[in-house]
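Q: Requesting a structural model of the entry that follows:
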Amino acid sequence: MNRQHFGHASQRGAVLLVALIMLLLLTILGIAAMRDTNLQEKMAGNMRDHNLALQAAEAGLRFAEQSIKDQYDNLVSDTLYPVNDPTPDVVEFNGFTGDVAAKPSYTVTRLPHPGPLNMQDMVNAETAGGGSLEAGESLILDFVLVRIESTGTGMSSDSKVTLRSLYFVEE
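A: Numbers count the residues shown, from 1 in each chain. Model prediction:
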């Protein structure tokens, strides 16, 4: 029987070397996971900030549409809303309650009237319930066309969203 003695003199540290390499690999994986998590957190914060700016712009746009709808008489006169005003007044919407860097704002520009609209040419009688207009009869609406542009800001002033809508205001 041949016995070998494994003492301190015959150990060479191979297991220690393998363990250190494994620890180094685990450390690299941990650092990469932390960087990835940090990047995802920043992206989620930016998306939240953008969505807040979008909601602020949407709220300003809807408020402007409603206030314009209530002011038809002022729209018809050229004093308050001149046609194609190159620098329309910027109105701040203070009713927005979100936590934003700046309150949403909007501008209203009255556009030239495109002329009478013949609804008979615009509406397909089959899809609109049919038969509501007699043959040859046309329905002409009187309206004012406005362009509303609303700007919303998120929690940081770097995040801005601008929405624009064309709005028909009927008499």
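Q: buried sites along stretch 105-113?
A: Judged by neighbour count using 16 or more other C-beta atoms under 10 Å, the buried positions of stretch 105-113 are 105, 106, 107, 108, 109, 110. Heads up, the C-betas are built off the backbone N, CA and C, glycines and all.
Q: Which of the three states applies to residue 158?
A: Classification of residue 158 using DSSP: H, G, I helix; E, B strand; the rest coil returns coil.
Q: number of nearby residues for it?
A: Residues lying near residue 158 (other C-beta atoms under 10 Å) number 11.
Q: related to what we said a few turns ago, in strands only, show me the buried residues of stretch 105-113.
A: 105, 106, 107, 108, 109, 110 (DSSP state E).
Q: picking up where we left off before, would you convert the buried residues of stretch 105-113 into a markdown table that also reports distance to residue 52 and pLDDT?
A: Shown next, in a markdown table, are those (distance: C-beta to C-beta, whole Å; pLDDT from 0 to 100):
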| residue | distance to residue 52 | pLDDT |
| --- | --- | --- |
| 105 | 15 | 94 |
| 106 | 17 | 93 |
| 107 | 21 | 91 |
| 108 | 24 | 88 |
| 109 | 26 | 87 |
| 110 | 30 | 85 |
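Q: ok, so of the ones in strands among the buried residues of stretch 105-113, who is nearest residue 151?
A: Checking those against residue 151 with C-beta to C-beta, the nearest one is residue 105 at 5.5 Å.
Q: Apart from its chain neighbours, what residue comes closest to residue 157?
A: Using C-beta to C-beta, 6 or more residues apart in numbering and skipping residues adjacent in sequence, the residue nearest residue 157 is residue 101, 4.4 Å away.
Q: coming back round to it: just send the buried residues of stretch 105-113 back as a markdown table, with distance to residue 90 too.
A: What follows is those, written out as a markdown table (distance: C-beta to C-beta, whole Å):
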| residue | distance to residue 90 |
| --- | --- |
| 105 | 5 |
| 106 | 8 |
| 107 | 6 |
| 108 | 10 |
| 109 | 11 |
| 110 | 15 |
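Q: out of these, what pair is the most spread apart?
A: Maximum distance among the buried residues of stretch 105-113 (C-beta to C-beta): 18.0 Å, for 105 and 110.
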